[in-house]
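# Could you look at this predicted model? Sequence included:
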Amino acid sequence: MGRTGVLLLNLGGPDQLEDVRPFLFNLFSDPEIIRLPFPWLQKPLAWFISTMRAKKSQENYRQIGGGSPLRQITEAQAQALEAHLQQKGQPARVYIGMRYWHPFTEEAIARIKRDRIDRLVILPLYPQFSISTSGSSFRLMEKIWQEDPLLNRIDYTVIRSWYEQTGYLQAMADLIAQELDRFPNRDEVTVFFSAHGVPVSYVEEAGDPYQKEIEECSALIMQNLNRPNPHVLAYQSRVGPVEWLKPYTEDAIEQLGAEGVQDLVVVPISFVSEHIETLEEIDIEYRELAEEAGIHNFRRVPALNTHPVFIDALADLVINALNSPSVKLAEVTQMKKKVKMYPQERWEWGLTTSAEVWNGRVAMIALIALLLELISGQGPLHLVGLL
Ligand SMILES: C=CC1=C(C)c2cc3[nH]c(cc4nc(cc5[nH]c(cc1n2)c(C)c5CCC(=O)O)C(CCC(=O)O)=C4C)c(C)c3C=C
Ligand SMILES: [Fe+2]
């Protein structure tokens, strides 16, 4: 029957404060996060942004204990999944492949080769698909497969997204219900879904299904919850000057406060582990904002982590994938709509998102040139006598 493996794909996070800058460098080097027309510009720009952002980002990681808990939690999820698969009569080794930090996807593939895995299920730990998350990991894997013909002996299948999975929805609904039951007026508390945002151009120009999947997912969780509570959906964690999906979480909190809402349960919906955006952004920044807005009873639903119903759901996803026709990487990296993967690639005139992105980039490149010129004392501005 051969050896079966499961590869869990995730984002990765800095283990300690010294890792923050190189982690950010890896993230901004990814063309699925920032796409430039000249690939040679990618690394200098990534270096520049990571250097500029590192201090602020380190401060946030310091507030949650000096590093991301993502690696530890993902390892615990992998162990629990291995045990559940064993119990269900489907033994498999579970590997972790992070996109921007250790253990990197390349390291996981090396282990999979070393262990002579014959059948592999590729399972992203993102319930909803986005070009910027699962899409980026799938692209990387496609490249690894193209570069290593030995990998062709592995019979693999990919799970693209799984936000509709019954056990996942049940586990989310259970966690929300537990939090609501802590309120005396539990049926009146507002359920506030906060999803990680993406730039609007990903959805509108590149056809990223992320927003649609997030909206469907929150509606399905509410159905499973089966309570009369009002609910809202907003997007957090935007980066850079362009427009991201709206409403922004901070604006939605202020709006609810202004409407007289006092009781709020925040549900992080795009990620299945605790991470900087739950522990710092929601628990510290948004809590403070809510307090100022008059929302005095603010609670957050914990991330799924190793919730047994959730781990069981992952095991069911794996078993189902092994018993279904395989899905190849080329199928999940190609979007259904005929769309461009990289919304920022095309220049457009006018006040468009694309123009906004390009203006930001040109300014950034000019800034790098200026810095290099100031440091080296040479360059076009010295040449024309401006410096
Ligand atoms: C589904 C979840 C995520 C989407 C979609 C996503 C898109 C996205 N992210 C950035 C930029 C950053 N993300 C950062 C951290 C981070 N992002 C996610 C998830 C999604 N990102 C997670 C889980 C984490 C935290 C990992 C951890 O260490 O705990 C960061 C670094 C942190 C910071 O400096 O704020 C950046 C930067 C973009 C630009 C983007 C879509 C284009
Ligand atoms: Fe992110």
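Looks like it came in fine. Only a predicted model underlies this, so the values are computations on that prediction, with no experimental measurement involved. Numbering: from 1, shown residues only. Ligands and ions are numbered 1, 2, ... in the order given.
# Could you list the contact residues of the stretch 151-300 of the chain toward ligand 1?
Taking Cβ under 6 Å from any ligand atom as the contact definition, the stretch 151-300 of the chain meets ligand 1 at His196, Val198, Pro199, Val239, Ser270, Phe271, His275, Ile276, Glu277. From N, CA and C alone the C-beta is placed, and that goes for glycine too.
# So which of those residues sit within strands?
His196 (DSSP state E).
# Hmm, Pro91 is touching Leu85, no?
Yes: with contacts counted by Cβ atoms under 8 Å, Pro91 reaches Leu85, the gap being 6.2 Å.
# For ligand 1, what's its nearest residue on the stretch 251-387 of the chain.
Nearest residue of the stretch 251-387 of the chain to ligand 1 (Cβ to the nearest ligand atom) works out as His275 at 3.1 Å.
# and that residue, how far is that from Gln58?
15 Å (Cβ to Cβ, to the nearest Å).
# what do you get for Glu106?
Taking Cβ to Cβ, one finds Glu106 at 26 Å from Gln58.
# swap in Gln223?
For Gln223 relative to Gln58 (Cβ to Cβ), the value is 41 Å.
# now swap in Thr249 and tell me
23 Å.
# the more surrounded of the two?
Thr249 (28 against 19; other Cβ atoms under 10 Å).
# which intervals of the stretch 201-350 of the chain have sub-threshold pLDDT?
335-350 (pLDDT under 70).
# can we see that at 50?
By pLDDT under 50, the low-scoring segments of the stretch 201-350 of the chain are 336-350.
# Which parts of it are helices?
210-225, 249-258, 276, 287-292, 308-322, 329-333 (DSSP state H, counting those that start in this stretch).
# right, and the ones you listed - which one's nearest Leu36?
helix 329-333 (19.5 Å; Cβ to Cβ).
# Helix, strand or coil: sort out Ser194 for me.
strand (DSSP: H, G, I helix; E, B strand; the rest coil).
# show me what contacts it?
By Cβ atoms under 8 Å, 6 or more residues apart in numbering, the contact list for Ser194 reads Ala234, Tyr235, Gln236, Thr249, Val266, Val267, Pro268, Ile269, Ile282, Tyr286.
# For the closest residue to ligand 1 within the chain, which non-adjacent residue is closest in space?
Nearest residue of the chain to ligand 1: Gly13, at 2.5 Å (Cβ to the nearest ligand atom). Spatial nearest neighbour of Gly13, excluding adjacent residues (Cβ to Cβ, 6 or more residues apart in numbering): Ser68 at 2.6 Å.
# just checking, that neighbour touches Asp15?
Yes: if you go by Cβ under 8 Å, Ser68 and Asp15 touch, sitting 7.0 Å apart.
# Quick check: phi and psi at the residue nearest to Gly13.
The phi/psi pair for Ser68 (degrees, to the nearest 10) reads phi -80, psi 140.
# Check what pLDDT it gets.
At Ser68 the predicted local confidence, pLDDT, stands at 98.
# Name the residues that touch the host helix or strand of Asp174?
Using DSSP states H and E, Asp174 maps to helix 166-180. Helix 166-180 is contacted from outside by 127, 162, 186-187, 189, 191, 220-221, 223-227, 229, 265, 267, 269, 299-302, 304, 307, 309-310, 312-313, 316, using Cβ under 8 Å, 6+ apart.
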